[in-house]
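Chemist: Sequence first, predicted model second:
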Amino acid sequence: MKRMEGRNQTPIAEFLLLGFGDGPHLQPLLFMFFLVIYIVTVAGNLLIVGLVVTDRHLHTPMYYLLGNLSCLETCLISTLLPRLLASLLSGDRTISVKGCIMQLYFIGITSTAESLMLTAMSYDRYLAICNPLRYAAVMNGRVCCQLVAGCWMSSLMTSTVGMFFLFQFTFCDSKEIDHFFCDFSPMIKLSCNDTSTLELVTFIIATIWTFVPCLLTLASYTCIITTILKIPSHTGRKKAFSTCSSHLIVLTVFYVTVITVYMVPAGNTPKVLQKIFSVFYTVLTPMINPIIYCLRNKEVNESLRKALKLVTFRHRHRNLTDKF
Ligand SMILES: *[C@@H]1O[C@H](CO)[C@@H](O)[C@H](O)[C@H]1NC(C)=O
């Protein structure tokens with residue numbers, strides 16, 4: 001109760017998201033930077049979804065999960081960047097308290113679902129490589145559907161519980177959030193209620209939702225790698241590894257950035273650096289995922305080539321018919 005002394009107790013209805021400071025030269029540059037990132041991310045992920053839906057060669061559980069991950073990443077980045085872009089363009093940095101909670105809610109759903117979906121994908125690879133005889137029996141369209149639904153449902157449930165608590169709170173300390181989106185801890189600091197219970201509960205839930213998927217993924221990949229190393233022929237090893245290497249790269253980027261954001265001590269690091277880490281963590285994985293799959297994964301790459309050939313062929317064909 002001590003921390004409430006000397007606080008202004010009038011509830012506020014709006015926050016000020018400080019973003020990246022207010023240097024006048026910086027805003028247009030940041031706007032261009034995030035606009036390019038947003039376009040590349042959405043286009044890349046929609047391309048993957050399009051390929052998975054249209055190409056029959058990609059109608060397997062592994063690519064269904066990839067297509068769903070791409071949908072999810074489009075949602076995730078769309079909860080963050082459009083608002084940031086609008087505020088960089090207009091210079092209006094206010095956001096209503098309700099709007100802020102809603103943004104946090106959607107970020108909570110999509111980022112939890114993302115970590116669960118990456119885990120589901122490693123489970124799929126685990127079955128395919130460590131248990132190939134059971135794979136066809138266990139992994140079918142229905143199980144894949146259940147995995148996807150499970151990811152969405154459980155992240156929806158946890159985030160809804162969190163949002164229910166947050167809506168009970170009043171905010172009355174200061175309006176300023178020194179961040180570029182409504183994140184949990186900067187926001188909760190501005191509450192004038194006793195937040196210790198909520199902070200504890202959120203910490204426990206976040207730890208469970210981060211470390212359990214992380215451990216399951218690690219276990220899957222330990223098994224996958226030991227199995228691959230036991231394959232006697234060089235080409236066999238290469239072939240087995242090629243089906244999971246793209247996923248492994250995406251996983252590494254995801255966990256390295258998450259761990260950096262959480263492990264870097266908040267007190268000692270400059271605020272700017274913290275924000276840059278947050279950009280990496282929220283924006284980098286959705287952006288590089290389609291790029292890595294298009295460049296590195298043989299089947300996606302081939303499907304993309306075929307699609308491109310089809311487009312250029314039609315284009316040439318139309319040019320010819322226009323001429324005659
Ligand atoms: C998502 O997963 C479901 C269930 O496996 C699948 O039917 C659907 O095609 C997937 N969606 C995309 C865009 O890949």
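Modeler: Yes, it's here. Numbers count the residues shown, from 1 in each chain.
Chemist: which parts of the stretch 1-150 of the chain sit against the ligand?
Modeler: In this structure, the stretch 1-150 of the chain approaches the ligand at residues Val49, Val52, Val53, Tyr64, Gly67, Asn68, Cys71, Gly141, Cys144, Cys145, Val148, judged by Cβ under 6 Å from any ligand atom. To be clear about C-beta, it is placed using only N, CA and C from the backbone, and glycine gets the same treatment.
Chemist: just the helices in the stretch 151-300 of the chain please.
Modeler: 184-188, 196-230, 234-263, 271-279, 285-296, 298-323 (DSSP state H, counting those that start in this stretch).
Chemist: if we compare those helices, which one ends up closest to Phe31?
Modeler: Ranking those by their distance to Phe31 (criterion: Cβ to Cβ) puts helix 271-279 first, at 14.0 Å.
Chemist: And Lys238, how far from the ligand?
Modeler: Taken as Cβ to the nearest ligand atom, to the nearest Å, the spacing of Lys238 relative to the ligand amounts to 27 Å.
Chemist: hmm, I was thinking of Ile224
Modeler: Using Cβ to the nearest ligand atom, which is the criterion applied here, Ile224 is 22 Å from the ligand.
Chemist: Spatially nearest residue to that residue (excluding sequence neighbours)?
Modeler: Spatial nearest neighbour of Ile224, excluding adjacent residues (Cβ to Cβ, 6 or more residues apart in numbering): Ile129 at 4.9 Å.
Chemist: what residues are up against the one you found?
Modeler: Contact partners of Ile129, counting by Cβ atoms under 8 Å, 6 or more residues apart in numbering, are Cys223, Ile224, Thr227, Ile228, Ala240, Thr243, Cys244.
Chemist: count of neighbours near the fourth one?
Modeler: The local packing of Ile228 (other Cβ atoms under 10 Å) involves 17 other residues.
Chemist: For it, give its distance to Asn131.
Modeler: Separation of Ile228 from Asn131 (Cβ to Cβ, to the nearest Å): 14 Å.
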